[in-house]
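Engineer: Structure for the following, please:
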Amino acid sequence: MSTLFKVVDAARVMLQSGNSFFSLMKKGASIASTRLLHNCSHYIPQLNTILDVGANKGQFALAAAQRYPDAVIHSFEPVPDTFAELLQNTRKTPAIHTHNFALGSCNGMLEFYSNSYSHASSALQVSELQQQLIPRTANARKIEVAVRQMDSLLGHITFRAPVLLKLDVQGFEKEVLLGAEKCIPQIDYLVFETSFVRMYEGEPLFDEMHHFVKEQGFELIAPVGYLQSDNLQILQMDLLYRRKRINGSARHKY
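Structural biologist: Model prediction:
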């Protein structure tokens, strides 16, 4: 029955997003990312720069390249094995530029948990609750990865507006933003995954993250995705924010 639901869901996403069946069957394509970008496009008509932080195998980047064909996409993935798949999946998409390091609040090396379920890999340890709810996330090994502040990318990456910053870093979102003090004023849209229950040890939950990004000058537009448990509890949600506007203009500080 679960296979049938997946087929029905894929058909619904194709109809809503305008994507073809074959585009969703490509290596690295993702129904979830296609749906997320489709939902974002209701509020974001155009993008010229996309920062894909926590790129995994390129699912979001590939969907973004199709949804926003004029955008230059920078994808960041620190886990070597996963990065190799990211390279393979995006090699035929010139708009996608890949970077094999994490983003965080400092420059150097970072202890990282490479999960056998790669979507759950994080600088934070998977909580017991998540292991109970999603047993496939229980196995992880410690590795060291390179980490850089986003601010260190200024001068190397062009932030051509409108700019979207997408964060899918499994509880490490605040650390990424803490390392982006100079970059944040150049971000027009921010989409990130936030938890309502502790999915990773030490992660900030929704209330803390919402107040933090508001202090950075963003306002909530809408939820654009969610993760639900088998008993219908919403565990995580993808939230889309926009830089607050003054007299109709975003507050860029270049």
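Engineer: and residue 122, what does it touch?
Structural biologist: Shown in contact with residue 122 (C-beta atoms under 8 Å, 6 or more residues apart in numbering): 112, 113, 115, 169, 170, 171, 172, 200. Just so you know, the C-beta spots here come from the backbone N, C-alpha and C atoms, and that holds for glycine as well.
Engineer: in this structure, which ranges drop under the pLDDT threshold?
Structural biologist: 1-29, 246-254 (pLDDT under 70).
Engineer: so where do the strands sit in it?
Structural biologist: Taking DSSP state E to define them, one finds strands in the chain at 49-53, 72-76, 96-99, 102-103, 108-115, 140-148, 163-167, 189-195, 218-228, 234-243, 245-246, 249-250.
Engineer: Now do the first one: which elements does it pack against?
Structural biologist: Counting contacts by 3 or more C-beta pairs under 8 Å, 6 or more residues apart in numbering; DSSP states H and E, strand 49-53 packs against helix 59-67, strand 72-76, strand 163-167.
Engineer: so which of the strands of the chain comes closest to residue 35?
Structural biologist: strand 218-228 (6.7 Å; C-beta to C-beta).
Engineer: what's the spacing between that closest one and its chain's center?
Structural biologist: 12 Å (C-alpha atoms, centre = their mean, to the nearest Å).
Engineer: before we move on, what about stretch 59-77?
Structural biologist: Counting by C-alpha atoms, centre = their mean, stretch 59-77 comes out at 11 Å from the chain centroid.
Engineer: Would you indicate which residues of it are buried?
Structural biologist: 59-68, 71-77 (16 or more other C-beta atoms under 10 Å).
Engineer: what's the answer for stretch 157-167, then?
Structural biologist: For stretch 157-167, by 16+ other C-beta under 10 Å, it's 157, 159, 162, 163, 164, 165, 166, 167.
Engineer: what residues are up against the closest residue to the first one other than its chain neighbours?
Structural biologist: Think residue 157. Setting aside the residues directly before and after it, residue 157 is nearest to residue 74 in space (C-beta to C-beta, 6 or more residues apart in numbering), at 5.8 Å. Applying C-beta under 8 Å, 6+ apart to residue 74 gives the contacts 49, 50, 51, 52, 97, 99, 157.
Engineer: ok, now with 7 Å
Structural biologist: Each residue near residue 74 by C-beta atoms under 7 Å, 6 or more residues apart in numbering is listed here: 51, 52, 97, 99, 157.
Engineer: same question, residue 118
Structural biologist: 56, 79, 82.
Engineer: Apply 8 Å and report the result again.
Structural biologist: Residue 118 neighbours (C-beta under 8 Å, 6+ apart): 56, 57, 79, 81, 82.
Engineer: Surely the third one is in contact with residue 112?
Structural biologist: In other words, residue 79. Yes. Using C-beta atoms under 8 Å, residue 79 is in contact with residue 112, at 7.1 Å.
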